[in-house]
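Colleague: I would like to see how this sequence folds:
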Amino acid sequence: MLVDDLIVGLDIGTTKVCAVIGELHGRTINVLGVGHASSGDGVKKGTIVDIERTTQAIIDAVEEAEKSADVVIDNVYVGIAGAHICSMNSQGIVAIKGNNQEISSEDIDRAVENAKTAISIPPHQDIIHILPREFVVDEQKDINNPLGMIGGRLEAQVHIVTGAITAVQNIMKCCEMAKLKVDDVVLQQYASSMAVLSDDEKKLGVVLVDIGGGTTDLIIFQNGHVIHSHSIDVGGRLVTNDIAVGLKTSTVAAEDLKINFGVACSDLVDEQMMIDVPVAGGERIKQYPQRFLAEIIEPRMEEIFFEVKAQIEKHVALDVIPAGVVLTGGSSLMTGCPELAEEILGLPVRRGMPIEVTGLREQVRNPKYSTALGLIRYGAQNYRTPTREKGTFSGIIDRIQSVLKKFFTD
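Modeller: Sure thing, here's the model as predicted:
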């Protein structure tokens, strides 16, 4: 097997760094290597705050993945998240040139470029993605691929995602210090959607909610295309902190309690269940009802889902999302998450596991690997796009054309 055929997804999260090595066969990801390491305090709310610690976590995760796959890798696709991420919809309109008025790829590029320049981007931000939503030729709407059509006017409707330039530069620097080249930086929830959502769900209308350690990231699809994306700076780590404070225990013990006994919906708790809680700073154990733990967790999870509901209602009516909500990310594994979300959102909710995976399937069939696996699928569909220059987005037009090519194929 050629190493050049392999693709690596690198998920730099608030609680962990995860590296997955794989290859795509048709629509199936064949996973060959997996590695992960604790982020320590190197990442907060999805954003790198300590270069050295994050770099070491990347090195540890990648080395573990390389060892299990028995390869050495040089290139990675990296996820990005955090409160600095912004998104907006835009449109660009151009007149079709030439006597026969046949729409060319250059006309499409001009329309997309006009959509990009139609919005004002703050100087500290730059574009991460331009995702086509639909095209309009004269008065004809809902066109996926206008290439070769006859018309006098072309309109491109796109979803634009931007991020802080410094946040991207810090990702690039950490990877560079870890001796890795970044093929592309990808919005985390967009990557996760490629791992857990079916094409049918995207066409019907679906919301993906990726509950990570530092952020909760959502993305809304309608008619197969992204109409909104957002990052909420509340995640599983705040739940852990709430438990530590409420039960007067260490954050390490609080994390274990959350994973092993945490319930997001207190109505689902066994009233007779008692749990042992280590007292902070000592060896003493104190017992609490599991319901007490659930009553600490539930308000924070309610906060997350009420914010998700506000974001959905701001951009689309709840009754036009027939595929409902899909929860993924490590914190979605908590018992009662789907039930609580369904109660608050008033939509069908399921927990999203990575789909169409072979190789080390049992090891990665877990919501916490959704982003890394989605990055592999993204990388295969945008294979070997020009690597970004350090701290710049100079390859944006090439990347737009790559996305357009995939858009037309679909």
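
Colleague: Show me how this structure divides into domains.
Modeller: According to automatic domain parsing, the chain comprises the domains 3-83+165-197+354-389+397-409, 86-163, 199-352.

Colleague: weakest of these in terms of mean pLDDT?
Modeller: When the domains of the chain are compared on average pLDDT, domain 3-83+165-197+354-389+397-409 comes out lowest at a mean of 89.

Colleague: mind listing what Gly281 touches?
Modeller: Taking CB atoms under 8 Å, 6 or more residues apart in numbering as the criterion, Gly281 is in contact with Ser250. Where you see a C-beta, it was placed from the backbone N, CA and C, and this is true even at glycine.

Colleague: Just say helix, strand or coil for it.
Modeller: Per DSSP: H, G, I helix; E, B strand; the rest coil, the secondary structure class of Gly281 is coil.

Colleague: What separation is there between it and Gly40?
Modeller: Note on Gly281: its distance to Gly40, by CB to CB, to the nearest Å, is 21 Å.

Colleague: swap in His84?
Modeller: Shown here: His84 relative to Gly40, a distance of 21 Å by CB to CB.

Colleague: Of these two, which one has the most company?
Modeller: Neighbour totals were compared for His84 and Gly40, and His84 leads with 20 against 15 (other CB atoms under 10 Å).

Colleague: would the more buried one count as being in a helix?
Modeller: No: in this structure, His84 is coil, not part of a helix, as judged by three-state DSSP.

Colleague: Touching, it and Lys44? I think so.
Modeller: No: applying CB atoms under 8 Å as the test, His84 and Lys44 come out as separate, 12.0 Å apart.

Colleague: Give me the three-state assignment for the residue located most distally from the centre of the chain.
Modeller: Centroid-distance maximum for the chain: Asn99 at 44.6 Å, with CA atoms, centre = their mean. Following three-state DSSP, Asn99 is assigned to coil.

Colleague: what separates it from Pro348, distance-wise?
Modeller: Distance from Asn99 to Pro348, counting by CB to CB: 53 Å.

Colleague: now swap in Val277 and tell me
Modeller: From Val277 over to Pro348 the distance is 35 Å, taken as CB to CB.

Colleague: Check Asp183 too.
Modeller: Note on Asp183: its distance to Pro348, by CB to CB, is 36 Å.

Colleague: Just list whatever residues bridge to the residue lying closest to Pro367 once chain neighbours are set aside.
Modeller: Nearest residue to Pro367 in three dimensions, chain neighbours excluded: Thr328, at 4.3 Å (CB to CB, 6 or more residues apart in numbering). Beta-bridge partners for Thr328, by DSSP bridges, are Asp210.

Colleague: same question, Gln222
Modeller: Where Gln222 sits in a bridge, its partners, by DSSP bridges, are His225.

Colleague: my guess is it contacts Ala323, does it?
Modeller: No: with contact defined as CB under 8 Å, Gln222 does not reach Ala323; the gap is 10.0 Å.

Colleague: Find the residues that touch each one of the two.
Modeller: Gly205.

Colleague: picking that back up, if you count surrounding residues, which of Asp183 and Pro348 has more?
Modeller: A direct count of neighbours by other CB under 10 Å for Asp183 and Pro348 places Asp183 higher, at 24 against 15.

Colleague: Neighbouring strands of the strand or helix carrying that one in the sheet, and parallel or not?
Modeller: Taking DSSP states H and E as the definition, Asp183 sits inside strand 181-187. Strands adjacent to strand 181-187 in the sheet, as given by DSSP bridges, are strand 75-80 (parallel).

Colleague: Which positions within the strand it pairs with qualify as buried?
Modeller: Neighbour-count burial for strand 75-80 flags Asn75, Val76, Tyr77, Val78, Gly79, Ile80 (criterion: 16 or more other CB atoms under 10 Å).

Colleague: Against Ile58, how distant is the first one?
Modeller: It stands for Asn75. Separation of Asn75 from Ile58 (CB to CB): 13 Å.

Colleague: Next: the second one.
Modeller: The spacing between Val76 and Ile58, counted by CB to CB, is 9 Å.

Colleague: again with the fourth one
Modeller: Using CB to CB, Val78 is found at 9 Å from Ile58.

Colleague: next one: the last one
Modeller: As defined by CB to CB, Ile80 lies at a distance of 14 Å from Ile58.

Colleague: The fifth one too?
Modeller: Using CB to CB, one obtains 12 Å as the distance from Gly79 to Ile58.

Colleague: what residues are shared contacts of those two?
Modeller: When CB under 8 Å, 6+ apart defines a contact, the residues bordering Gly79 and Ile58 alike are Leu10, Ile12.

Colleague: Assign Gly213 to helix, strand or coil.
Modeller: Look at Gly213: counting by three-state DSSP, its state is coil.

Colleague: what residues are up against it?
Modeller: Gly13, Thr14, Thr15, Lys16, Ser39, Gly235, Gly236, Arg237, Gly330, Ser331.

Colleague: Now render those residues as CSV, adding secondary structure.
Modeller: Listed next are those as CSV, based on three-state DSSP:
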residue, secondary structure
Gly13, coil
Thr14, coil
Thr15, coil
Lys16, strand
Ser39, coil
Gly235, coil
Gly236, helix
Arg237, helix
Gly330, helix
Ser331, helix
